[in-house]
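In: Quick one, structure for this:
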Amino acid sequence: MTKILDLETRDGRIDIVDAEDRAYENPDSFEIPCVVQRHSLGEGDYAQVIFEFDAIEGFGGERLWLKVEKVSEMPGSYVGSISNDPIVCDLRFGDMVAFEARHIIDILEESSAKEIMG
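Out: Down below sits the predicted model:
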């Protein structure tokens, strides 16, 4: 079985931004998909999330796509593999990460993702 990262790194903690909180705090400039969409992902869909890093002062975070590999029994909970190459953080393409619907800032359904991501 593939290990799911706990998001602890040797340089500090990595957190996934709560997109619901961010959208609430910035309603005119930070839009996220509706709650029904964020709770309805299936395996093969892609979710974009923002990772923030304690160890990198002054850096706001990095947006990464996660391919949904597993839909949890708990509603709105997923496990996804990182589907692009992180530039700043200690994460890698293919790393498995647990995330929730509240973290999602954008969605690509599997059919659309094939055209865009290959």
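In: separation between the closest residue to Asp45 other than its chain neighbours and Val88?
Out: Excluding its sequence neighbours, the residue lying closest to Asp45 (Cβ to Cβ, 6 or more residues apart in numbering) is Val68, at 4.9 Å. Every C-beta, even on glycine, is put in place using the N, C-alpha and C of the backbone. Val68 sits at a distance of 23 Å from Val88 (criterion: Cβ to Cβ, to the nearest Å).
In: hang on, the earlier thing: doesn't Gln48 make contact with the residue nearest to Asp45?
Out: No - look at Val68 against Gln48 with Cβ atoms under 8 Å: they stay out of range, at 11.7 Å.
In: to the chain's geometric centre, what's the distance from stretch 78-92?
Out: 9 Å (Cα atoms, centre = their mean, to the nearest Å).
In: Now that stretch: buried residues?
Out: By neighbour count on 16 or more other Cβ atoms under 10 Å, the buried set for stretch 78-92 is Tyr78, Val79, Gly80, Ser81, Ile82, Ser83, Pro86, Cys89, Asp90, Leu91.
In: Of those, which is the nearest to Ile14?
Out: Nearest to Ile14 among these is Cys89, at 6.0 Å by Cβ to Cβ.
In: Which residues are in contact with Arg38?
Out: Arg38 makes contacts with Ile32, Ala47, Gly76, Ala101, Arg102, Ile104, Ile107, as judged by Cβ atoms under 8 Å, 6 or more residues apart in numbering.
In: Quick check, central residue of the chain?
Out: Closest to where the C-alpha atoms of the chain average out (Cα atoms, centre = their mean) is Val49, at 3.1 Å.
In: How about that one: what's its closest non-neighbour residue?
Out: Closest residue to Val49 apart from its sequence neighbours, by Cβ to Cβ, 6+ apart: His103 at 4.6 Å.
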